[in-house]
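Trainee: Sharing a model prediction with you, sequence too.
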Amino acid sequence: MNAPHAVCTIVAKNYAAQARTLCQSVKSHHPSMACYALIIDDWAGYLDPAKEPFEIVSFDELGLPDLRTMQFKYNVVEYATALKPVLIEYLLQHAGVERLLYLDPDILVTNSLDGLFQRLDDFDCVITPHLDADYAPDGLLPNDSTILLHGIYNLGFLGIRREAASRPFLSWWRNKLSSSCVREPDRGHYVDQRCIDLAVSLFEGFFIERGAGYNVAYWNLHSRYLDFDGQSWTCNGGPLGFFHFSGFNPEQPDTISPFTTRHTLAARPDLVPLFSDYGKRLVANGYYETRDWPYSFAKFDNGIPISAADRQRYRTAIAKGMQTADPFNFLEFQRVARKVKLDKRKRSRVLTKLLARVPWPRLRSA
C-alpha cells in the first residue's frame with residue numbers, strides 16, 4: 001500500500017485490540033488512509049493480516065543489526081518506543097509515504113486529521129505539549145514535577161514529513177533511543193519524551209500544536225471539556241481530533257487512568273459517554289482474547305522470566321563492552337551477569353579502603 005498520507009502505530013500482539021480500534025477510527029474519517037502497525041514480537045498464528053484494519057509491519061522487516069540486543073535490554077514499552085524512529089524512517093523511505101502521523105495505539109480518532117497533515121505542508125515535525133494551562137497547587141497528580149520529570153511534550157503523537165530537513169533529526173533520535181530509551185525519569189530519561197525536549201532546540205522545523213482538540217488525555221483535562229453535538233465530539237467548543245486513553249483499562253471502566261488523582265469519571269460527566277464507547281470498541285475488537293497473548297521476549301530460552309534487574313544488568317554489561325552471542329541464552333547471560341556483579345563488589349572494596357583513609361572529624365556529644 002503506497003499513499004502520500006498515512007498513520008502508523010506500534011504494538012506487541014497483545015495490544016492488537018487497541019491497534020484495531022485506533023485504525024478503525026482513522027478510517028471512519030479517512031476511508032482511504034493507509035494505516036500501518038508495527039508488531040514488535042512474533043505474531044504468526046495469532047493475527048491474520050487479511051482480516052486486520054491495518055497493514056502489518058514486522059520487526060524483522062526493519063533490518064536492524066542489533067535487534068536481539070534491543071529485545072533483551074528493553075522491556076516491552078521501551079522496545080516499542082525505541083523502534084519509533086526506525087518505523088518512521090522505514091515508511092518514509094520504502095512505503096511511498098510523504099506525510100506521516102504516528103499515534104499511540106490507545107488513541108481514538110474522533111474527527112478529521114486534515115489539519116495536522118496541513119501543518120506538515122509548512123513544518124517538518126508536529127508535536128503536542130502535555131499542558132496548555134498550569135496546574136493548581138492542590139497536591140493532586142499529575143503536577144508540575146510530573147511533567148518536568150517525564151517531558152514537556154507527549155510523544156503519543158508525532159507528525160513528520162518526508163523532507164531532507166527531517167532526516168538529521170530522525171537519525172539523531174534513532175541513535176538516542178538505541179541506547180537510552182528507558183523509563184528512568186530521575187536520571188533524565190523517560191523513553192523518547194525527554195529527547196524531544198532537546199530536539200526542539202537542536203533542530204529547526206518543529207511546530208508545537210496547541211489546538212485543544214489534539215491529544216486530549218488525563219494530563220490536560222483540567223483545561224479541556226468535551227461535548228457531543230449529536231454528530232461529532234467537540235473539545236472547548238471546537239472539533240475533538242483525537243483522545244488519548246493513556247492508562248485506561250476496560251476492566252476498570254470507572255477509572256480514567258491510574259496515573260491521575262486529579263480527575264474521576266464521576267466528577268467529569270462530559271467524559272463518560274466517550275470512555276464507555278471506547279471500552280465497548282476494545283471489547284468488540286477482541287480485548288479479552290488478545291490481552292493474554294504472550295510477549296515473545298519476556299523469557300530466557302529455558303523459560304525463566306527476564307526481570308527488570310536482568311535487563312538493567314545487561315545494559316550495564318553493554319556499557320562496559322561485554323557482549324554475549326545471545327542474551328536470551330540463560331547460561332550465556334549468567335556468565336556476563338556474574339562479571340558485572342563481581343565488578344560492582346570490586347569497586348565497593350576499593351571505595352571502602354579509600355574512605356578509611358579520609359581524616360573524618362570526630363563528632364562531639366551534645
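Mentor: Done, it's in.
Trainee: Please state the offset of the strand or helix carrying residue 170 from the chain centre?
Mentor: Secondary structure from DSSP states H and E places residue 170 in helix 167-180. Relative to its parent chain, helix 167-180 has a centroid offset of 15 Å by CA atoms, centre = their mean, to the nearest Å.
Trainee: following it, which helix or strand comes up?
Mentor: That would be, after helix 167-180 and using DSSP H and E, strand 183-184.
Trainee: Parallel or antiparallel, which strands does the next helix or strand after that next one pair with?
Mentor: Downstream of strand 183-184, the next assigned helix or strand under DSSP H and E is strand 189-190. Looking at strand 189-190 with DSSP bridges, its partner strands are strand 183-184 (antiparallel).
Trainee: which residues are in contact with the strand it pairs with?
Mentor: 77, 78, 189, 190, 191 (CB atoms under 8 Å, 6 or more residues apart in numbering). (Each C-beta comes from the backbone N, C-alpha and C, glycine too.)
Trainee: from the residues you listed, which single one is nearest residue 279?
Mentor: Checking those against residue 279 by CB to CB gives residue 77 as the nearest, at 21.6 Å.
Trainee: For the stretch 201-350 of the chain, which segments count as helices?
Mentor: Under the criterion DSSP state H, counting those that start in this stretch, the stretch 201-350 of the chain contains helices at 272-284, 287-290, 308-319, 330-356.
Trainee: Report all helices and strands that the shortest one contacts.
Mentor: Secondary-structure packing of helix 287-290 (3 or more CB pairs under 8 Å, 6 or more residues apart in numbering; DSSP states H and E): helix 16-29.
Trainee: Name the residues of the helix it packs on that are buried.
Mentor: 16-27, 29 (16 or more other CB atoms under 10 Å).
Trainee: which two from those end up farthest apart in space?
Mentor: 16 and 29 (21.3 Å).
Trainee: which residues does the residue nearest to residue 64 when sequence neighbours are not counted contact?
Mentor: Using CB to CB, 6 or more residues apart in numbering and skipping residues adjacent in sequence, the residue nearest residue 64 is residue 86, 6.6 Å away. Going by CB under 8 Å, 6+ apart, residue 86 touches 62, 64, 174.
Trainee: Tell me the one of those residues nearest residue 286?
Mentor: Nearest member of the contacts of residue 86 to residue 286, counting by CB to CB, is residue 62, at 25.8 Å.
Trainee: So which residues of the protein form strands?
Mentor: Along the chain, the segments classed as strands by DSSP state E run 5-11, 34-39, 55-58, 99-103, 107-109, 125-129, 153-161, 183-184, 189-190, 206-208, 226-228, 233-235, 238-239, 242-244.
Trainee: what mean pLDDT would you report for the longest one?
Mentor: The reference is to strand 153-161. Strand 153-161 shows a mean pLDDT of 98.
Trainee: Please apply the same query to the second one.
Mentor: The average pLDDT within strand 34-39 is 98.
Trainee: Could you check how far that strand is from the centre of its chain?
Mentor: Taking mean C-alpha positions (CA atoms, centre = their mean), strand 34-39 and its chain are 15 Å apart.
Trainee: same question, the first one
Mentor: Distance, stretch centre to chain centre, for strand 5-11: 13 Å (CA atoms, centre = their mean).
Trainee: which residues are in contact with that strand?
Mentor: Against strand 5-11 from outside (CB under 8 Å, 6+ apart): 18-19, 22-23, 26, 30, 33-40, 54, 57, 80-81, 83-84, 87-88, 91, 95, 97-105, 107, 113, 117.
Trainee: Mark which of the residues you listed are buried, thanks.
Mentor: Counted by 16+ other CB under 10 Å, the contacts of strand 5-11 give 18-19, 22-23, 26, 30, 33-40, 54, 57, 80-81, 83-84, 87-88, 91, 95, 97, 99-105, 107, 113, 117 as buried.
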